[in-house]
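Visitor: sequence first, predicted model second:
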Amino acid sequence: MPKSVTITSNEQFARHYADRLILRELCGTDGVLKLGELAESLESQGLGLAAIRSLLGSNAERFAYHERRWVPAVRVVAKGRPLIEAARLVLRAYGAPMEIGLLVREVARTHDRETETLEPALRQVLEKSPDFLLVTPELVALAEWAFLMGAESVERAMALAGLDEGLVRELAAKTESVDWFDEASVRQAVLNLAPVSVKALSAAAWLKLNPQDPYAPMLYDGRALYRTIVTTPGTVVGHDGVIYPEQQARKWLSTAVRLADKLAPTVEVEDVAPIEVQPEDVDRMVARILASEESVPATKLLEEMYEITIANKTFPDDLANVMAALKARPDVWWVGGDRFRRPGTAPEFIYEVPEPFQYVDTSGLFLNEDGEPIDAELSDDGLSTSLRKLLSHPLAMDVLDEDPVPVPKVQQESLNLVLKSIHRELGTFPLCQIPTGWLSPEPKVQELIWVDPNGNEIQAWVNHEARLIFGLIDWWFEQPIENGAVFTLTKTPRPNVFEFAWSDQPDPVVFISSQRMEELRSIQERSAEMSTFDILIDVMAHWPKGAEFLTLLAEVNVVRRTKRRLVASLLSSYQCFYQRQGSPVWHFDSKKVSDGFDKTKRKFILKK
């Protein structure tokens, strides 16, 4: 049996909105609507066939599989109910003001009547019944969604509406200057306050327009105010009765799609034999790929051509068949996961390591009085024990300065990763921070899609030979922290598609403040004539109480691109640097600079 899935409150809220869009399409179609047609009509909203099928099959309260087709569940529930009750049930299932034309079509189906004969009767009901509220001549809502109070006491009005008086009075104070009789003034208040409860905002107006003084005139018109609020341009009404900025809808849909991916394994479609991919089908797929400016997932091709999604039991075999057929075609390019695109359409800059990542060998540039290199690297035996271990830390390594790491026994679904300043400047990220095997090793060059919490996507490219991820500069420069910002990368059910989110807190060890970055750049300006040893001394002068190796390595690398072994060797071999027993912190003693290199370490110097 499929395992159950826990749905968070945010996910539930998001699916309500996605379900509303699906319901709208189902209600607006007179004939049988195929899932492919439904997906096509909602594609502009970001809902594909797989997401729609998953949402349909996992919410029996909203949707029913009736007579071998998907219909709104309310169509079955409202069958044979009185006209007014059927209309009420349909509206409640929809969860927001609804076009009267859609409502007429859906109620007509519950009564097996033609829309032309039912519409006059239903419109009469909507106009005369206190249960409904005509928002516009073509838009209707349930009256219970509005705040329709008159001369009630404040306590009773709040109780009937289910509102907190304190919150309403706070809103009343914020809207003191609003002219409740002027639509423009009200709508500006909505835009300023959104997200805000429609009822609570209306109640704030009621407090002002219907004072508790028995001799004062009652000027509040709840129906008119509801119309003004919910028709404010640039807003959308949630199923919770709150009006939100319109751009929130994109975030809800992104969350709903991720939820649909999570729910997909719990939705089962009748078992059939795996598809046999015919040559003419492959030709159509290739034509689709070549006509696209972007990569095309094989899962998308399965949806478009066969209406097959992950919910189908044969999906693994179907996907494997399509993948094999496309990989055999030289006229399309497999870019990892299930994605294909036109050959030669990747950015040229992803094929080599950018020049700023190259390291400068300073061993022969700066010599001491005896003609020996000041910047000398030591073998592992010459390093401090703690430093020897830290050399393999992901934050110590970087592109062109890393060691092979075995595949971990258990791969995490989500990674916490740290952005360093040089990668922020170049729009890259090093693979040394990503566990071996977390990304598929083949092909060597792959396209990745990262999706942020708002549903925004960025196309990134991983080059396993260059050991870098490219194409991230647009998102990196949105991050004000130059060195040490933390983000999470989480796998999704879709191949090579990952959820991305910034963390609120930077990494405590390698974080560098803006002020400190300026100080390090000041050292950089005069570093051409400095050995790495001299740079390390200047860096450590900032840390009278000492600093950890990873902190020092990060700061030295802002000044000059420096390998981890060199910094570890300098700390281990010069007598002015020391550690206290049991402490990870390194200290600098300026009085011992003249003591120079520890002669016992000479035998560990690596020959160039």
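Guide: Alright, I've got the coordinates.
Visitor: only C-alpha atoms from now on, for both contacts and neighbour counts.
Guide: Fine.
Visitor: just the helices in the stretch 101-250 of the chain please.
Guide: For the stretch 101-250 of the chain, applying DSSP state H, counting those that start in this stretch gives helices covering 115-128, 154-161, 165-174, 183-193, 198-209, 222-230, 248-263.
Visitor: with the stretch 501-608 of the chain instead?
Guide: Ranges of helices in the stretch 501-608 of the chain, per DSSP H, counting those that start in this stretch, are 514-525, 532-540, 549-559, 564-573.
Visitor: can you list these in CSV and add mean pLDDT and mean neighbour count?
Guide: CSV is the format used below for these (pLDDT from 0 to 100; neighbours: other C-alpha atoms under 10 Å):
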stretch, mean pLDDT, mean neighbour count
helix 514-525, 96, 14
helix 532-540, 96, 19
helix 549-559, 97, 22
helix 564-573, 96, 23
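Visitor: and the ones you listed: which comes nearest Ala64?
Guide: helix 514-525 (56.7 Å; C-alpha to C-alpha).
Visitor: in the chain, what secondary structure element scores lowest on mean pLDDT?
Guide: Across the helices and strands of the chain, mean pLDDT, DSSP states H and E gives its lowest value to strand 63-66, namely a mean of 78.
Visitor: re the thing from before, among the helices of the stretch 101-250 of the chain, which is the most enclosed?
Guide: Among the helices of the stretch 101-250 of the chain, the stretch with the highest mean neighbour count (mean count of other C-alpha atoms under 10 Å) is helix 198-209, at a mean of 23.
Visitor: and it, what does it pack onto?
Guide: Packing partners of helix 198-209 (3 or more C-alpha pairs under 8 Å, 6 or more residues apart in numbering; DSSP states H and E): helix 165-174, helix 222-230.
Visitor: packing partners for the first one?
Guide: In terms of contacts (3+ C-alpha pairs under 8 Å, 6+ apart), helix 165-174 is packed against helix 154-161, helix 198-209.
Visitor: the last one too?
Guide: Contact here means 3+ C-alpha pairs under 8 Å, 6+ apart; on that basis helix 222-230 packs against strand 132-136, helix 183-193, helix 198-209.
Visitor: show me where the stretch 351-500 of the chain has helices.
Guide: Using DSSP H, counting those that start in this stretch, helices in the stretch 351-500 of the chain cover 385-390, 421-426, 473-476.
Visitor: among these, which comes closest to Gly46?
Guide: Here helix 473-476 is closest among these (C-alpha to C-alpha), at 21.2 Å.
Visitor: pLDDT averaged over the closest one - what is it?
Guide: Across helix 473-476, the average pLDDT comes to 95.
Visitor: buried stuff in it?
Guide: 473, 476 (16 or more other C-alpha atoms under 10 Å).
Visitor: show me what contacts the residue of the chain most remote from its centre?
Guide: Relative to the C-alpha centroid of the chain, counting by C-alpha atoms, centre = their mean, Asp370 is the outermost residue, at 57.9 Å. By C-alpha atoms under 8 Å, 6 or more residues apart in numbering, Asp370 lies in contact with nothing.
Visitor: what does the one 3 residues further on give?
Guide: Going by C-alpha under 8 Å, 6+ apart, Pro373 touches 363-367.
Visitor: what's the closest of the helices of the stretch 501-608 of the chain to Pro82?
Guide: Once the helices of the stretch 501-608 of the chain are compared by C-alpha to C-alpha, helix 514-525 is nearest, at 68.1 Å.
Visitor: any idea how far Ser583 is from the nearest residue to Phe588 once chain neighbours are set aside?
Guide: Closest residue to Phe588 in three dimensions, ignoring its sequence neighbours and counting by C-alpha to C-alpha, 6 or more residues apart in numbering: Phe577, at 4.8 Å. Taking C-alpha to C-alpha, to the nearest Å as the criterion, Phe577 is separated from Ser583 by 14 Å.
Visitor: check Lys607 too.
Guide: From Lys607 to Ser583 the distance is 31 Å (C-alpha to C-alpha).
Visitor: do Asp281 as well
Guide: Using C-alpha to C-alpha, Asp281 is found at 66 Å from Ser583.
Visitor: repeat that for Leu383.
Guide: 16 Å.
Visitor: check Pro354 too.
Guide: 37 Å.
Visitor: and for Ser379?
Guide: The value you get for Ser379 to Ser583, if C-alpha to C-alpha is used, is 23 Å.
Visitor: how about the contacts made by Leu126?
Guide: Leu126 makes contact with 132-134, 140, according to C-alpha under 8 Å, 6+ apart.
Visitor: how near is it to Val135?
Guide: 11 Å.
Visitor: next one: Trp334
Guide: Distance from Trp334 to Val135, by C-alpha to C-alpha: 52 Å.
Visitor: how is this structure divided into domains?
Guide: Domain segmentation of the chain under automatic domain parsing yields 9-143, 145-245, 279-345, 380-394+511-604, 414-502.
Visitor: check what pLDDT Phe181 gets.
Guide: pLDDT recorded at Phe181 is 95.
Visitor: kindly report the same for Asp213.
Guide: Note on Asp213: pLDDT of 87.
Visitor: neighbours of it, how many?
Guide: 9 (other C-alpha atoms under 10 Å).
Visitor: repeat that for Phe181.
Guide: By the measure other C-alpha under 10 Å, the count of residues near Phe181 is 14.
Visitor: cool, Asp380 as well?
Guide: If we define neighbours as other C-alpha under 10 Å, then Asp380 has 18 of them.
Visitor: might you report the residue contacts of it?
Guide: Arg388.
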